[in-house]
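S.K.: return a 3D structure for these sequence lines:
(one chain, ligands or ions: 2)
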Amino acid sequence: AELERTFIAIKPDGVQRGLISEIISRFERKGFKLVAIKITVPSKDIAQKHYHDLKTRPFFDGLCDFLSSGPVIAMVWEGEGVIKYGRKLIGATDPQKSEPGTIRGDLAVAIGGNIIHGSDGPETAKDEINLWFKPEELVNYTSNAEKWIYG
Ligand code: DAT
Ligand code: MG
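M.R.: Numbers count the residues shown, from 1 in each chain. Ligands and ions are numbered 1, 2, ... in the order given. As a prediction, the model looks like this:
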């Protein structure tokens, strides 16, 4: 299996709604491997860095206030194609447009409450993992299921 990692976060709305285990289970059951996880209330500074590519958008300030308003579950998931397929599991940004079967499609209604973040490409994945985690917080291990998952 090719080593690819993505940054996934359950936002404050997902945490408050009790969707932590539901969301984690979707990544876990798919066959992806959890290599880092923590619960944290991100500072406004972290939120602004995390969403820096949106800083010219009118909703940027509210978005950063929201992300730093409460506990977030920050995670790194590993697996073949996990960046792209993680986005597929998550669904479209606007839950009104997310397909049923996706996390946002099944569990969210509005764009301001879309419950989860996932990196959108290899570069952002690397940047976001570095922003949220120290290298020693990532755990390298072999899962015994890998030989069955990857055949
Ligand atoms: P995604 O989270 O699917 O990667 P994005 O990177 O375009 O979407 O935007 C980041 C977050 O910003 C998104 O999850 C919710 C919020 N957002 C995006 N577009 C918005 C809009 N038009 N109005 C309000 N919030 C928006
Ligand atoms: Mg994005």
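
S.K.: dihedrals phi and psi, residue 73?
M.R.: Dihedral pair for residue 73: phi -100, psi 110, per degrees, to the nearest 10.

S.K.: what is it paired to in the beta sheet?
M.R.: residue 10, residue 39 (DSSP bridges).

S.K.: contacting residues for it?
M.R.: 9, 10, 14, 15, 20, 23, 24, 37, 38, 39 (C-beta atoms under 8 Å, 6 or more residues apart in numbering). Yep, even glycine has a C-beta here, placed from its N, CA and C like the rest.

S.K.: repeat for residue 65
M.R.: 44, 47.

S.K.: distance of it from residue 85?
M.R.: 31 Å (C-beta to C-beta, to the nearest Å).

S.K.: three-state assignment of the residue in the chain that ligand 1 sits nearest to?
M.R.: In the chain, the residue that lies nearest ligand 1 is residue 93 (3.4 Å; C-beta to the nearest ligand atom). Following DSSP: H, G, I helix; E, B strand; the rest coil, we place residue 93 in the coil state.

S.K.: hmm, it is touching residue 114, no?
M.R.: Yes. Residue 93 is within contact range of residue 114, at 6.5 Å (criterion: C-beta atoms under 8 Å).

S.K.: hey, what's in contact with both of these two?
M.R.: By C-beta under 8 Å, 6+ apart, the residues touching both residue 93 and residue 114 are residue 104.

S.K.: fine by me, thanks again.
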